[in-house]
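Below is the sequence, then the predicted model.
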Amino acid sequence: MYHPHTESDREEMLKAIGKSSIEQLFDAVPKAFRFPELKLPPRLTEMEAMGLLQDLAEGNETSRDLPMFLGAGAYNHYIPAAVDFILKRGEFYTAYTPYQPEISQGTLQAIFEFQSHVVNLTGMEVSNASHYDGATAAAEALNMARMVSRNKRTKAVISPALHPHYRETIDTYIQGENFTVVGPELDPASSPDALFGLIDEDTAVVMVQYPDFFGRIYDLSALAEKAHAVGALLSVSVNPLALAMFKSPGEYDADIVSGEGQPLGIPLSYGGPYLGLLATKEKYVRTIAGRLVGETVDVNGKSGYVLTLSTREQHIKRDKAGSNICSNQGLMMLAATVYVSLLGREGLKEVAALNYHKAHYAAEQIASLDGFELWSDAVFFNEFAVRCPMPVAELNEELLDAGIIGGLDLGDAYPGMENVMLVAVTEMTSKEDIDYLVTALQEVANG
Amino acid sequence: MAETTIYDKSSPGRRGVRFPQPDVPLTKLPESLMRKELPLPEVSENEVVRHFTRLSQLNYGVDIGFYPLGSCTMKYNPKVNEAAARLPGFALIHPLQPVDTVQGALHLMYELQEHLKEIGGFAGMTLQPAAGAHGELTGVLIIKKFHEVNGEPQRNKILIPDSAHGTNPATSAMSGFKVVEIPSDGRGNVDLEALRAECDETLAGFMLTNPNTLGLFDENVCDISALVHEAGGLMYGDGANMNALLGIAKPGEFGVDIMHYNLHKTFSTPHGGGGPGSGPVGVCERLVDFLPGPVVVAETIDDGFEMPFYRFDVPKYSIGRMKAFHGHFGMMVRAYAYILAHGAEGLREVSEYAVLNANYLMHKLKGVYKLPYDRVCMHEFVIEGRWSGIEDIHALDISKRLMDYGFHPPTNYFPLIVREALMIEPTETESIETLDAFAEAMLRIAEEAKTNPEILHEAPHNTPIGRLDEVQAAKNLILCCGLPTQYAE
Amino acid sequence: MKVESGLKYTKKDEWVRVEGKTATIGISDFAQEQLSDIVYLEYLVSEGDEVAKGDEIGTIESVKAASEIYSPVSGTVTALNEELLDTPETVNSDPYGAAWMIKLELSDPSEADALMDAAAYEKNVAERDS
């Protein structure tokens, strides 16, 4: 039990407030509904609960048990021990939003450094203190672009190669409003050039992913020019690890960057909590969702950090706020800040390069098999799509029998792509794992 | 005392961590697409660890002391929950793995859905929302879709009490609803007459926080539900204050159709310096088909064993996906561990002691601090941080002075309907000794306000930094560090 | 708190000075006091725009609060005080003078007659502040 009350504490407290029983404190609750029975399992001691949880945990196949080739927005990367060591400090994880800056400088400065890392990786000018995840950050990016156009523009042009979950989340966020999304109906194999024809004066934002859902990297200069020519914004959803290697969206003159920060030191954890990134140009700072930390001075002139521009937010603007977000991903933000600080400039480049070379080795080996070919010849980072000689669903079952968790079946989200597998390779994937996958694919495909 | 930034500590050539050499042949790099500069710091592991350890020492958390931040339920975060969430079987699984390789995780999610349904009295549950505000958005979108499917798209108005959290109106507006504020009556309940006047054919729903942000259980809750339901609206329950109701009442039974939980408040998952939260949403029977997908369902396969098989399903009229993947699974593990550790009996004790602690503390402060609504409170209460005859003392001054006494301040200036509000939520995990010590500090501060107001104005005195200039921060925006030395011009 | 005579006021604390067909609009001393240190001002209209009485024409923010500015009268925007955008703190120091915000050419000069005069506004504020 986590409450400290003894029998005598309880008596003393009841006496002080003039009540004879705790039940009396609930007289305002309608009698018919008061003290319902809860049908829950009996309480367990810590030892028993942990035993049960361990059993459940062991009921899962992990990335340590089996070679894993799944990515699609969540990647198996190495997390240096120091990251979790810092995360476990109670001063960080048992604090809340730094409303009282005098006793929250630790969290505030960590956010300030996080904002700096995001700005430097993305080539933007300002970053918020984080958002829920890559999908919701993309939805907020779209919302920002609408605010920039003062809700006058009613269309978003979205690449068919944006993560299907992100697209679905955007659809959920905008449902029933006078706003339409075009682009997802295009051929997913097409390059961003295919979006040009859809961009017009009514377009608030053009949104692409970088690397895109299929792992591909395109030069975005022409797309930025097309968007800006009609007064639309360019929003880019990123994998920040790829930005250690490839040109930043800022170099292409993107206006808003959203992204999924999970690759920066956050465990797979079955899909969350992860880390939404949201950054933009300084001129759009007032439309950004979520917390911002700024540097200032205290009464004695000593420099320190505070939450700033909070008048944009729900607790002040209420129904006039641009977003309803109230939290950030504090602890995940801290993980990414420590991770980027630890790896630093050289370490991050090194990991990105490892991902690149290993993924290319895997792609080349798989493509050399009879019946397999790369789905695209575009430049890619650590993930690629491969056309297989049979449905991926069947292939993956066979791979699992061989002790491999195969890549993503693209037929689930893209009708007609049932034979195309999205394969992710990271620094955690050894050459042996790749060679084993290649052998298994060959055996399965050749019956 | 001040800690320089990690960028200030950068020195070219330093490394915190190294990675192995590639074990595969290298591939040519696409030069035209490569970036030239990567202006990130270069620091050793020791420096990184010291830096963040020092930063942590500038923070105040529940592990350090009493944190009565109203409406945030800053209860103790059990350590076993942290250990459980980090088990490799939970931390190292991918969200898109075949479901037959993650039956342990799905079992946990299914059971958590069931337990949360039982605790709140709901027929369906989604674990997907990432936080309380995200749960609200889920719920309000369900309201919208429900009326659309029922052929009543003209229902475009959401009613919200004036005591509500800012997220309620922000969420409703974000979902395209018109927001109408309903005043509170003299006892802090929703004003029934004002509510009645707004119950018409455009009513989509009513967002009720109960206990409300004054810490009071709304005595008219049955009348409110009846009015809203008769007018064809839905009742949304903001579950931010569920810490008062575990085993005390099920919102689903007193008329709430949709409610979000805050796992980081009620179910002890850590607040993490601002998040991640987790905001599961429960719904009544007629709204089950509108939940965001996917939800976990159990099916029994006739294979000779009785073990159910778990998989995902998307409800028929689902509002769609709220985020990538299945929600904050790491938080679900912690909340599940918390429910296991309590059972029905333990959860009721949680709420009983949360309410007892709040009433005890309120009793100790009342008389010296003005209590705008003098009733038995639930898990929190609101006092005024001002006295007639003492000019220029504000709630903020009291809060800042509390830091000198070693306590985290209460929530300031909320709810908006109380002047100079101080909102105090002690939670059940605090001892009578802690409550007494806090009350004593509050009484001494009240005395100081009369005898030595300067000491309040200038507070805090004992913190790593003094009051900060927020005006300068907003006017002269500095939102990131300077570049590492080699990039600085 | 200062209430300047000769101006007309709204319940939402805007003031308007009518000179012939021209109306000059700002926010009152009481409004700036309530907001405290003003750090940001934005106009939601441009020169040449038609505005109706009650339309949102701007937003103003301090570090603690944000407030909308509504047009007290109807007309066509003829000038915006652009300088004020860079020095919004002027609203704190000179709300009735240098901190004027928007000038309109009135479509119905009699519209302002219905607004409160200085004495009525002073009374209105006193009631709210109690």
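Good, I have the coordinates.

and the residue most central in space within chain C, helix, strand or coil?
Centroid-nearest residue in chain C: C:Gly26, 2.5 Å away (criterion: C-alpha atoms, centre = their mean). Recorded secondary structure, C:Gly26: strand (DSSP: H, G, I helix; E, B strand; the rest coil).

what about the nearest residue to it once chain neighbours are set aside, how many neighbours?
Spatial nearest neighbour of C:Gly26, excluding adjacent residues (C-beta to C-beta, 6 or more residues apart in numbering or on different chains): C:Trp100 at 4.8 Å. All C-beta atoms are positioned from the backbone trio N, CA, C, and that covers glycine. For C:Trp100, the count of nearby residues is 21 (other C-beta atoms under 10 Å in any protein chain shown).

which SS class is C:Trp100?
Taking three-state DSSP as the rule, one finds C:Trp100 in the coil state.

Tell me who's in contact with it.
C:17, C:24-26, C:81, C:84 (C-beta atoms under 8 Å, 6 or more residues apart in numbering or on different chains).

Just the pLDDT for the residue nearest to the centre of chain C.
On the pLDDT scale, C:Gly26 is placed at 95.

so what does the helix or strand bottoming out on mean pLDDT in chain C touch, helix or strand wise?
The weakest-scoring helix or strand in chain C, judged by mean pLDDT, DSSP states H and E, is helix C:118-129 (a mean of 87). For helix C:118-129, the packing partners by 3 or more C-beta pairs under 8 Å, 6 or more residues apart in numbering or on different chains; DSSP states H and E come out as strand C:8-9.

how about 10 Å then?
strand C:8-9, helix C:29-35 (3 or more C-beta pairs under 10 Å, 6 or more residues apart in numbering or on different chains; DSSP states H and E).

buried set for it?
By 16 or more other C-beta atoms under 10 Å in any protein chain shown, the buried positions in helix C:118-129 come out as C:118, C:121-122, C:124-125.

chain center to it, what's the gap?
Counting by C-alpha atoms, centre = their mean, to the nearest Å, helix C:118-129 is centred 16 Å from the centre of its parent chain.

B:Gly293: neighbour count?
17.

Could you grab the helix/strand/coil label for it?
Per three-state DSSP, B:Gly293 ends up coil.

wait, it sits on B:Gly327?
No - B:Gly293 is beyond contact range of B:Gly327, at 11.7 Å (criterion: C-beta atoms under 10 Å).

Between these two, which contacts overlap?
B:126, B:128 (C-beta atoms under 10 Å, 6 or more residues apart in numbering or on different chains).

List of residues touching the least confident helix or strand of chain C?
Contacts for helix C:118-129 (C-beta under 10 Å, 6+ apart): C:1-11, C:13, C:15, C:28-31, C:33-34, C:115-116.

Show me where the chain dips below the pLDDT cut-off.
Went with chain A since none was named. A:176 (pLDDT under 70).

you looked at the wrong chain, it should be chain B
B:1, B:301-305, B:485-486, B:488-489.

the strands in it, which residues?
Assigned strands in chain B, in chain order: B:124-126, B:157-161, B:178-182, B:203-209, B:234-238, B:258-260, B:281-283, B:295-300, B:308-313, B:381-384, B:411-412, B:421-424 (criterion: DSSP state E).

how distant is the third one from the center of its chain?
Computed by C-alpha atoms, centre = their mean, the separation of strand B:178-182 from the middle of its chain amounts to 23 Å.

Also the first one?
Relative to the centre of its chain, strand B:124-126 is centred 18 Å away, using C-alpha atoms, centre = their mean.

Could you list every helix and strand in contact with that strand?
Strand B:124-126 sits against helix B:103-120, helix B:132-149, strand B:258-260, strand B:281-283, strand B:295-300, with contacts defined as 3+ C-beta pairs under 10 Å, 6+ apart.

one more time with 7 Å, if that's ok
Counting by 3 or more C-beta pairs under 7 Å, 6 or more residues apart in numbering or on different chains; DSSP states H and E, the packing neighbours recorded for strand B:124-126 are helix B:103-120, strand B:281-283.

ok, now the longest one?
Here strand B:203-209 is seen to pack against helix B:132-149, strand B:157-161, helix B:221-230, strand B:234-238 when contacts are counted using 3+ C-beta pairs under 7 Å, 6+ apart.

And the last one, by the same measure?
Using 3+ C-beta pairs under 7 Å, 6+ apart as the contact definition, the elements that strand B:421-424 packs against are strand B:381-384, helix B:395-404, strand B:411-412.

Can you add mean neighbour count and distance to chain C and give these back as JSON lines?
As requested, these are arranged in JSON lines below (neighbours: other C-beta atoms under 10 Å in any protein chain shown; distance: least, C-beta to the nearest C-beta, whole Å):
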{"stretch": "strand B:381-384", "mean neighbour count": "25", "distance to chain C": "15"}
{"stretch": "helix B:395-404", "mean neighbour count": "23", "distance to chain C": "10"}
{"stretch": "strand B:411-412", "mean neighbour count": "21", "distance to chain C": "10"}
